[in-house]
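Asker: this is the structure alone, sequence omitted:
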């Protein structure tokens, strides 16, 4: 297929101008012949026993806007999936009408295209090109600014209140990714205050996946498709029949917001259909990766011939690290004006695929594409466990979809596993300068 500017070509049918939900998909009086599961919100009140974490309730599609209104009323800025540049991206949204109703996607190595689903599902796609990382561990932020004035040089640290985001539609794999970044930025001797401020303010509305993507392998990594923790509210969308959501309350904060939304207790039929939605997604995984023994496999095969083979294809563009929801590496830049009156220090995302990332006095430690790809994959799947107690991969498949040449991390693991142990060199580590 064609490649444009080093990125996968986006292929999509035209995006509709009107994205709002079908007003006839839910709501209105109950009449003879209404399908089972229909919710008449006129007869549902919000009084009664208080909701508690673990409770599950049912709401109609039209009540999703009431949830959004409740979150906005609590001071949150809504961020969720919407259309831009022929893709479903994560941006601030104003209402449920901004969600990509009736649209899904097809994904493969280096391929992404939108497709119409034929239903009104609001969360019918798989993981898109962006993750929630960009709102918590922002791509660029100023650390401080220095100014020269009549009384000398003054240094101003960057501060201000963190935004209060409500994340709408967080997939189970991305919940695990956020938990991984929590360990990176919040645990240990030094915590990142900017990340902490944004993370503590965030309200997470998860969505259990009803459709797996062609590059998804969350089942292999034990991270999905069902959200089990780390959310305030978790939605399971039932688009067949009466369009509705089963909502699981995850926290006291989630229960407080949900009290503002008309709902009813979830019935056995609702729960059975919700479980079937998740089970269907679990059976649709487009990829699989055997995770057992993976750490030892990679750390004992630094000279496997597969590294050379994948390096012959890799462009070292860094796309995989940019779309990955757990990669966290940064660099620091200092800039000044031409008059020498002010200077600023900025932190920006960086990638281990760049030459400068491993630059030490005299040159880069990882000068070859082979050594850089090996570093990324070995760290992600092996030595990350040594650092943080878990794998750095959540099985979202973004690195496969958005690789311009379609390199597949699951395929690389299979190739090394098939040729283990040892490969060329049988564990002997060569200096990267000769790699």
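Answerer: Sure thing, it's come through. The shown structure was predicted, so the numbers you read here are calculated from the model rather than taken from an experiment.
Asker: helices and strands of the protein: which one bottoms out on pLDDT?
Answerer: Lowest on mean pLDDT, DSSP states H and E among the helices and strands of the chain sits strand 3-4, with a mean of 36.
Asker: neighbours of the nearest residue to residue 379 once chain neighbours are set aside, how many?
Answerer: Among residues not flanking residue 379 along the chain, residue 392 sits closest, at 6.8 Å (CB to CB, 6 or more residues apart in numbering). Placement of C-beta: from N, CA and C, glycine included. Close neighbours of residue 392, defined as other CB atoms under 10 Å, add up to 23.
Asker: residue 392 is in contact with residue 380, isn't it?
Answerer: Yes: with contact defined as CB atoms under 8 Å, residue 392 and residue 380 form a contacting pair (4.4 Å).
Asker: so what sits against both of the two?
Answerer: residue 326 (CB atoms under 8 Å, 6 or more residues apart in numbering).
Asker: quick one on the thing from earlier: OK, contacts around the residue nearest to residue 379?
Answerer: If a contact means CB under 8 Å, 6+ apart, then residue 392 has 180, 326, 327, 379, 380, 381, 384 as its contacts.
Asker: can you put those in a markdown table and add distance to residue 189 and secondary structure?
Answerer: Output for the contacts of residue 392, formatted as a markdown table (distance: CB to CB, whole Å; DSSP: H, G, I helix; E, B strand; the rest coil):
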| residue | distance to residue 189 | secondary structure |
| --- | --- | --- |
| 180 | 18 | helix |
| 326 | 21 | coil |
| 327 | 22 | coil |
| 379 | 21 | helix |
| 380 | 23 | helix |
| 381 | 26 | helix |
| 384 | 18 | helix |
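Asker: can you tell me which of those has the most neighbours?
Answerer: residue 326 (27 neighbours).
Asker: all the strands of the stretch 251-400 of the chain, residue numbers only.
Answerer: With DSSP state E, counting those that start in this stretch as the criterion, the stretch 251-400 of the chain has strands at 264-265, 330-336, 342-349, 359-360, 363-364.
Asker: one more: the stretch 101-250 of the chain?
Answerer: Going by DSSP E, counting those that start in this stretch, the stretch 101-250 of the chain shows strands at 103-108, 111-116, 140-149, 152-157, 165-170, 203-207, 233-238, 244-249.
Asker: mind putting the ones you listed in TSV, mean neighbour count included?
Answerer: Formatted as TSV, these follow (neighbours: other CB atoms under 10 Å):
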stretch	mean neighbour count
strand 103-108	21
strand 111-116	18
strand 140-149	13
strand 152-157	10
strand 165-170	25
strand 203-207	25
strand 233-238	26
strand 244-249	25
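Asker: can you tell which of those is closest to residue 261?
Answerer: strand 244-249 (8.2 Å; CB to CB).
Asker: any chance you could list what contacts that closest one?
Answerer: Here strand 244-249 makes contact (CB under 8 Å, 6+ apart) with 26, 37, 39, 51-61, 64, 231, 233-238, 255, 258, 263, 266, 270-271, 273-274.
Asker: what do you get for stretch 291-298?
Answerer: For stretch 291-298, using CB under 8 Å, 6+ apart, the contacting residues are 220-222, 377-378, 381-383, 385-386, 391, 413, 416-417, 420.
Asker: now for those residues: which two are most distant?
Answerer: 222 and 420, at 22.4 Å, using CB to CB across those.
Asker: more neighbours: which of those two?
Answerer: residue 420 (16 against 13).
Asker: ok, and the closest non-adjacent residue to the residue most central in space within the chain?
Answerer: For the chain, the residue nearest the mean C-alpha position is residue 131 (3.4 Å; CA atoms, centre = their mean). Distances taken as CB to CB, 6+ apart place residue 325 nearest to residue 131, at 3.5 Å, with adjacent residues excluded.
Asker: how close does the one you found sit to residue 129?
Answerer: 11 Å (CB to CB, to the nearest Å).
Asker: for the protein, which spans come out with low pLDDT?
Answerer: 1-49, 419-435 (pLDDT under 70).
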